[in-house]
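*Asks:* structure for the following, please:
(chains A and B)
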Amino acid sequence: DAGITQSPRHKVTETGTPVTLRCHQTENHRYMYWYRQDPGHGLRLIHYSYGVKDTDKGEVSDGYSVSRSKTEDFLLTLESATSSQTSVYFCAISELAGDHEQYFGPGTRLTVT
Amino acid sequence: GQSLEQPSEVTAVEGAIVQINCTYQTSGFYGLSWYQQHDGGAPTFLSYNALDGLEETGRFSSFLSRSDSYGYLLLQELQMKDSASYFCAVRDRRAAAGNKLTFGGGTRVLVKP
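*Replies:* Purely as a prediction, here's the structure:
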């Protein structure tokens, strides 16, 4: 299994509070991604990174920011959490440009009350 | 933009064959991927088709017709452990960097004894 961990695995927070989710990889892969998964919507890309300090938006980036200061870590921040951001968040990595195969972390279940 | 359509749920008995169809609309196309996700787990890569035709990997096969913007995943000799959700995904040809995948909503396969 690819070495990807996510922390925390579960979190309950209140509306309006900031939240940071962490993704850590030991594979030294260049590309990292954050997805959210909601019933009926499959996996939707929030942000992705193609190198240290190189990030770009996905299809559902509003309300989220990311940072990647090291190859192994990719952080997802909700500046002011809303109930609509209650979801399961997955981090993924891939090695090569043009690589269709992504490896997913175990996920973080976030509940915003 | 891109969109993918797949059935929401399929039920079958052990030993049967299940075909999960995926139709896509995309402004650029590299290939079609399939992922499996068990309840509470992370998505895992199953197969990839870049060219027309059938790719076989054990009990699972995946087919692509680029002219029809259509593909399917075939699960043969169904086993109870195949109960999971299956997602098709396409890679965004327009992406300047990275390997952005757009996922379908997923098909939940329920295998009964």
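*Asks:* does A:Met32 lie in a helix or a strand, and which?
*Replies:* Take DSSP states H and E as the rule and A:Met32 turns out to sit in strand A:31-38.
*Asks:* now do the strands in chain B.
*Replies:* Taking DSSP state E as the test, the strands found in chain B are B:3-5, B:9-13, B:18-25, B:32-37, B:44-49, B:53-57, B:60-65, B:70-75, B:84-91, B:101-103, B:107-112.
*Asks:* run the chain-centre distance for the first one.
*Replies:* Its chain's C-alpha centre lies 11 Å from the corresponding centre of strand B:3-5 when counted by CA atoms, centre = their mean, to the nearest Å.
*Asks:* sheet partners, orientation included, of the lowest-mean-pLDDT helix or strand in chain B?
*Replies:* Lowest by mean pLDDT, DSSP states H and E among the helices and strands of chain B is strand B:101-103, with a mean of 88. Strand pairing for strand B:101-103, determined by DSSP bridges: strand B:84-91 (antiparallel).
*Asks:* what angle do strand B:32-37 and the strand it pairs with make with each other?
*Replies:* With axes from the mean of the first three to the mean of the last three CA atoms, to 10 degrees defining the directions, strand B:84-91 sits at 150 degrees from strand B:32-37.
*Asks:* mind saving the C-alpha coords of strand B:84-91 as PDB?
*Replies:* Extracted C-alpha coordinates of strand B:84-91, given in PDB (Å, rounded to 0.1, in the frame of the first residue of the first chain):
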ATOM      1  CA  ALA B  84     -18.600  -2.200  -3.100                       C
ATOM      2  CA  SER B  85     -19.000   1.000  -5.000                       C
ATOM      3  CA  TYR B  86     -17.400   1.400  -8.400                       C
ATOM      4  CA  PHE B  87     -16.400   4.700 -10.000                       C
ATOM      5  CA  CYS B  88     -15.500   5.500 -13.500                       C
ATOM      6  CA  ALA B  89     -13.200   8.500 -14.000                       C
ATOM      7  CA  VAL B  90     -11.700  10.500 -16.900                       C
ATOM      8  CA  ARG B  91      -8.600  12.600 -16.900                       C
END
